[in-house]
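> I would like to see how this sequence folds:
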Amino acid sequence: KKIVADQAFMAPAQLSLLLVVLTVSAGGKMISGLARVKDALWRVFRIHTIFWCAAHVITFRWIPLQYRVCWGTAANIVYVVILCLLTQRSHAKHA
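Okay, the predicted model is just below:
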């Protein structure tokens, strides 16, 4: 239940905030950030959901308890690289 709530409610809000902050911190305007959210959120959210649902299945089915923190950290590094690649494409479109 917690994973579903996180994916359904928290992830879209966090990803939207991330897209706006990345745009503004790169020198863009807030309106560009909001346009970027409108343009890229669904694509980024789908990848996010697929990645983390798969990671959770692997974690709770096959990863021994003592290795879960290391596994989670490694999965997060891979996810951040994917997220950077996705958002960079979106940023180039709105630059």
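> tell me how far the host helix or strand of Arg68 is from the chain's mean position?
For Arg68, the element it lies in under DSSP states H and E is helix 68-94. Chain-centre distance of helix 68-94: 7 Å, with Cα atoms, centre = their mean, to the nearest Å.
> now for that helix, which elements pack on it?
Judged by 3 or more Cβ pairs under 8 Å, 6 or more residues apart in numbering; DSSP states H and E, the packing partners of helix 68-94 are helix 11-25, helix 30-62. Where C-beta positions appear, they are placed from N, C-alpha and C, glycine not excepted.
> average pLDDT for that helix?
Mean pLDDT, helix 68-94: 87.
> Relative to Arg46, how far out is Leu83?
Relative to Arg46, Leu83 is positioned 12 Å away (Cβ to Cβ, to the nearest Å).
> Once you drop chain neighbours, what's closest to the spatially most central residue of the chain?
The chain has His48 as the residue nearest its centroid, 4.8 Å off, counting by Cα atoms, centre = their mean. Nearest residue to His48, sequence neighbours excluded (Cβ to Cβ, 6 or more residues apart in numbering): Ala11, at 5.7 Å.
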